[in-house]
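Novice: sharing a model prediction with you, sequence too.
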Amino acid sequence: MFRQAIAAGCLAVAAVLALSVGTRVNAARRLRGLARRTQPAERVRPAWWPDPVRLGAGLAGVAVLIVLGGWPGLLGGILAAVAADRGLRRIEPRAARERRLREAADLPLAADLLAAAMRAGAPVDRSVLAVAEALGGPLGDRLGRVGRTLLLGGGPEEAWAHLAPVPGADRLAGAALRSSNSGAALAGALTRLADDLRGDRGTAAEASARRAGVLIVLPLGLCFLPAFILAGLVPVIVAVLGDVL
């Protein structure tokens, strides 16, 4: 009983550390981004402070070792620690996920604004900078880097590579690169791209809604079937067996 209590405590601490991974990583990134205005991120977490991911994985391994014991526990603890470490490091921080979703949501509007600015006669670099200033947000920051790179004489490949992490932006960058190589008008391609991106978002939302409906059935079935068997079938079977016997 004592061993189970210690193992449960280790797993609880590991779970708390796993939940804090995204917050700590995001805070460290924000502090590093303020390099000249604030102190480095080490002020927030001292150098002697252990890595929360590694600590949580180690506690998970210790819990498995305590529960199993002996050589099986040692082997299982090592495997559990390695698996927990890799699994926790693959967790996307909440701030990064929200940033990615917001960038994907703003991308069709950015394509429309770029097309409108280019139809008004503005060059590509000035159009990108104007859209970045008007759009704001994380996608506006990336577009600002694209526009400044183009304005300072950087190549199109180098400039549009700033949009690589944005879902769906590879098509926008591809259209811009084709336009820079062939001299074709970019505004029409951006308008069509904005319509395609909105259509893709609608399709993805519909697929997500259907998938949610399917996933809801599973817990409902797990709760309903045992109740149906106990309340409906078991009394009938008991009554039939009583009459037979």
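Specialist: The structure has been received and is ready for your questions.
Novice: could you report the separation of R99 from D106?
Specialist: Distance, R99 to D106, using Cβ to Cβ, to the nearest Å: 11 Å. C-beta coordinates here come from the backbone N, C-alpha and C atoms, glycine included.
Novice: helix, strand or coil for A185?
Specialist: When the structure is split into helix, strand and coil by DSSP: H, G, I helix; E, B strand; the rest coil, A185 lands in coil.
Novice: neighbours of L172, how many?
Specialist: L172: 25 surrounding residues under other Cβ atoms under 10 Å.
Novice: wait, L65
Specialist: For L65, the neighbour count with other Cβ under 10 Å is 21.
Novice: so which elements touch the helix or strand containing it?
Specialist: When elements are defined using DSSP states H and E, L65 is found to belong to helix 52-68. For helix 52-68, the packing partners by 3 or more Cβ pairs under 8 Å, 6 or more residues apart in numbering; DSSP states H and E come out as helix 2-33, helix 70-89.
Novice: what packs against the following helix or strand past the last one?
Specialist: Along the chain past helix 70-89, the next helix or strand (assigned with DSSP H and E) turns out to be helix 94-119. If contacts are counted by 3+ Cβ pairs under 8 Å, 6+ apart, helix 94-119 sits against helix 2-33, helix 124-135, helix 137-151, helix 169-182, helix 187-228.
Novice: what residues sit buried inside helix 94-119?
Specialist: 99, 103-104, 106-118 (16 or more other Cβ atoms under 10 Å).
Novice: domain parsing for the chain?
Specialist: 2-91, 96-199 (automatic domain parsing).
Novice: phi, psi for A122 please.
Specialist: In terms of degrees, to the nearest 10, the main-chain angles of A122 are phi -80, psi 140.
Novice: next, name the residue at the spatial heart of this protein.
Specialist: Nearest to the centroid of the C-alpha atoms of the chain, with distances taken as Cα atoms, centre = their mean, sits R97, at 3.7 Å.
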